[in-house]
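K.L.:
heads up, no residue letters with this:
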């Protein structure tokens, strides 16, 4: 298995670089590991002229089975270094049909891990989702290219942090050690349907219990009144659950 680390920060050995190195350190010795420090390259978009930099980066991406992408979160979004890389690679990550829809192409089936850091505390990150913009951008680009997501990692309280905490280092190394197993998974569709079934089943049960409690106070015997109350309660519960799992979808320590 070939693992490629892509670092989109301003410092090679800062907190974000340490997060990447910790993940790569956990990869098995039998696997091939390489890294790209995006600041080493002058990355420009394709304009019809030869672009040897993008050619080189494209070949490295094609050769890897798993991508580990790291970008700090600035102003609620990923660093410009990483965003520029993804923007310039746009025409190579996907192919476009006759109406301009982006479709998966040569990178389809590869896997990825995304990592970010922010100055916010763990509590602030949990409540506000400071790094959500970064991860949404990663997921939008990479899912369009047909890649399969393995994991997200967040390092909070990064202001003034010089050395990665041991707990986070260990977590990253464990992720690296699990890459070979997780990269073999081809699809999470069955798992997602199972999770959706569980959410619907729980929301239905809670709705029925709440409806019974309401009927004790305000007895409703008319069919359509019962139906309307059930739909309203069910919708509010399911919307709340979906909202929670949409916002709180990655580890925020």
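P.N.:
Okay, I see it. These numbers come from a predicted model, not from an experiment. Residues are numbered from 1 along each chain as shown.

K.L.:
which parts of the stretch 101-250 of the chain are helices?
P.N.:
For the stretch 101-250 of the chain, the helices defined by DSSP state H, counting those that start in this stretch cover 122-128, 132-144, 166-183, 189-217, 223-247.

K.L.:
so residue 29 sits in a strand?
P.N.:
No - residue state for residue 29 (DSSP: H, G, I helix; E, B strand; the rest coil) corresponds to coil; a strand is not indicated.

K.L.:
how many neighbouring residues does it have?
P.N.:
Residues near residue 29, counting by other C-beta atoms under 10 Å, number 5. Placement of C-beta: from N, CA and C, glycine included.

K.L.:
pLDDT of stretch 16-24, averaged?
P.N.:
Averaging pLDDT along stretch 16-24 gives 96.

K.L.:
hmm, who's touching it?
P.N.:
The contact list for stretch 16-24, computed with C-beta atoms under 8 Å, 6 or more residues apart in numbering, reads 3, 5, 7, 9, 11, 33, 35, 68, 70-72, 113, 115-117, 153, 155, 163-164, 168-169, 172-173, 175-176.

K.L.:
out of these, which are buried?
P.N.:
By neighbour count, with 16 or more other C-beta atoms under 10 Å, the contacts of stretch 16-24 hold 3, 5, 7, 9, 33, 35, 68, 70-72, 113, 115-117, 153, 155, 164, 168-169, 172-173, 175-176 as buried.

K.L.:
so what's residue 43 up against?
P.N.:
Shown in contact with residue 43 (C-beta under 8 Å, 6+ apart): 53-54, 57, 84-85, 88.

K.L.:
and which of the residues you listed is nearest to residue 223?
P.N.:
residue 85 (58.5 Å; C-beta to C-beta).

K.L.:
relative to helix 132-144, how tilted is the helix or strand hosting that closest one?
P.N.:
Taking DSSP states H and E as the criterion, residue 85 maps to helix 80-88. Angle, helix 80-88 to helix 132-144, by axes from the mean of the first three to the mean of the last three C-alpha atoms, to 10 degrees: 30 degrees.

K.L.:
related to what we said a few turns ago, of the helices of the stretch 101-250 of the chain, which is nearest residue 104?
P.N.:
Nearest to residue 104, of all the helices of the stretch 101-250 of the chain, is helix 132-144, at 7.1 Å by C-beta to C-beta.

K.L.:
what residues does the closest one touch?
P.N.:
Applying C-beta under 8 Å, 6+ apart, the contact partners of helix 132-144 are 67, 69, 71, 73, 76-78, 83, 86, 90, 93-94, 102, 104, 112, 114, 116, 149, 152, 247, 249-250.
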